[in-house]
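>>> Provide a 3D model corresponding to the input given below.
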Amino acid sequence: MSDKQEVATRKSGEVERAEREPALVIVPPADVFEQAEGITLQLDMPGVDKERLNLQANRDTLLIEGTARLDMPEGMTALYADVRSTIYRRSFVLSDELESDKTEASLKDGVLTVRIPKRAELRPRRIQVRVE
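Numbering: from 1, shown residues only. A predicted model of the protein is given here:
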């Protein structure tokens with residue numbers, strides 16, 4: 001097995017044609033955690049900023065889409081790239097015990113964290129015992 005890769009070049013017409021082809025979509029890796037209060041999802045989406053992120057939650061579906069910005073340093077041209085797409089997309093089916101209208105999300109260092117609480121009547125609660 002060789003540790004060298006060949007660099008292919010394209011004629012200018014080939015580059016234009018390639019840009020019109022449908023974009024490939026990356027399914028970001030995700031971790032899902034369940035707590036008593038709800039669930040937390042963490043997705044790796046490097047290069048995506050808040051302005052290029054779209055989250056849609058409805059009753060039973062959570063859709064997450066993002067576009068990464070891959071800026072080239074000034075004066076440089078890429079001859080080869082392992083990354084062929086900058087579009088992330090993933091969807092999740094949500095249980096009816098979750099309140100999707102109360103979904104919260106945060107983005108830090110390329111990791112998107114989404115929290116969806118359980119309905120209040122399904123969360124564990126402490127019962128106060130009276131002494132008589």
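
>>> Now do the strands in this structure.
If DSSP state E is used as the criterion, the strands of the chain fall at 25-26, 30-34, 38-44, 48-57, 61-68, 87-93, 104-108, 111-117.

>>> what's the least confident stretch among the ones you listed?
Note on those: strand 25-26 shows the lowest mean pLDDT, a mean of 88.

>>> now for it, which elements pack on it?
Where contact means 3 or more Cβ pairs under 8 Å, 6 or more residues apart in numbering; DSSP states H and E, strand 25-26 is packed against strand 87-93. Any C-beta I mention is one placed from the backbone N, CA and C, and that applies to glycine too.

>>> distance between stretch 98-112 and the chain's centre?
10 Å (Cα atoms, centre = their mean, to the nearest Å).

>>> Just the buried positions in it, please.
98-100, 103, 105, 107, 112 (16 or more other Cβ atoms under 10 Å).

>>> cool, and stretch 63-77?
Using 16+ other Cβ under 10 Å, the residues of stretch 63-77 that count as buried are 64-68.
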